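> Need coordinates for the following:
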Amino acid sequence: MDMRLLLSATLCLLLCFTASAEQFSNFSSAKKYLIKTLPENAKSLYCGCEIKRQGKKLVPDPSVCGYIPRNEITRSGKENARAKRIEWEHIVPAWEFGHQLQCWQNGGRKNCRKVSEKFRKMEADIHNLAPVIGEINADRSNFRYGMVATSSANYGACPVKIDFKQRVFEPPLYARKRIADTYFYMQKTYDLKISDKQRTLFESWQKLEIAEISNRKAL
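The predicted structure follows:
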């Protein structure tokens with residue numbers, strides 16, 4: 001495991017959790033804050049790519065991390081723009097925490113944004129947001145985290161695995177503790193419901209030690 005990836009995950013964790021005093025009323029304002037305050041040495045959560053600024057936008061630099069888009073061209077024949085930009089992913093997907101609220105049953109995400117203060121706070125909570133390459137964000141969708149035996153996705157040297165049929169996303173080793181900590185933070189803060197199977201998985205990820213992460217290669 002490249003130590004730079006471990007440091008990237010640690011930095012990403014500190015960025016969010018040291019900003020606990022910052023509260024936002026909507027997702028847009030949270031993203032603007034994170035873009036503005038992102039450290040110069042920040043890296044994307046899943047691929048460990050360096051993040052560069054292009055005006056007001058953030059873009060990944062695949063030259064070192066080795067990320068290669070799964071799809072260079074979209075189905076419509078256009079260049080895959082999301083493969084060339086950084087987006088802010090909800091580690092706990094909005095679909096997941098939204099489905100636990102009545103507002104979602106009455107009109108989905110749009111309705112929750114309109115009528116639920118709790119949803120707006122959850123959607124804008126920067127503890128649950130991480131910089132990721134747009135294509136990875138799109139492919140992860142609202143898939144649950146888990147372990148994947150055979151991955152049907154290939155992103156070059158980016159060590160994520162996805163089973164699209166079973167809707168499971170396996171993050172690299174160095175991102176797992178951050179993910180587990182975020183799920184339990186959301187549970188404690190917003191009473192997020194976590195299945196027994198997911199709880200067991202996340203508890204094992206929380207126990208990952210820095211020495212273990214730095215000495216093992218990403219799966």
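
> low-scoring pLDDT stretches of the chain, where are they?
1-22, 152, 209-219 (pLDDT under 70).

> any chance you could map the helices in it?
For the chain, helices defined by DSSP state H occupy the ranges 3-17, 27-37, 62-65, 94-98, 102-105, 108-115, 117-123, 134-140, 173-190, 196-206, 210-215.

> could I get those as a markdown table with mean neighbour count and distance to K52?
All C-beta spots, glycine's among them, are computed from the backbone N, C-alpha and C. Listed next are the helices of the chain as a markdown table, based on neighbours: other CB atoms under 10 Å; distance: least, CB to CB, whole Å:
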| stretch | mean neighbour count | distance to K52 |
| --- | --- | --- |
| helix 3-17 | 17 | 14 |
| helix 27-37 | 15 | 12 |
| helix 62-65 | 17 | 10 |
| helix 94-98 | 19 | 27 |
| helix 102-105 | 15 | 36 |
| helix 108-115 | 15 | 30 |
| helix 117-123 | 18 | 27 |
| helix 134-140 | 21 | 14 |
| helix 173-190 | 20 | 20 |
| helix 196-206 | 14 | 29 |
| helix 210-215 | 13 | 25 |
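
> Figure out which of those is closest to A157.
helix 62-65 (6.4 Å; CB to CB).

> related to what we said a few turns ago, just put the helices of the chain in a markdown table and tack on distance to N80.
Converted to a markdown table, the helices of the chain look like this (distance: least, CB to CB, whole Å):
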| stretch | distance to N80 |
| --- | --- |
| helix 3-17 | 24 |
| helix 27-37 | 21 |
| helix 62-65 | 13 |
| helix 94-98 | 23 |
| helix 102-105 | 30 |
| helix 108-115 | 24 |
| helix 117-123 | 26 |
| helix 134-140 | 6 |
| helix 173-190 | 23 |
| helix 196-206 | 30 |
| helix 210-215 | 31 |
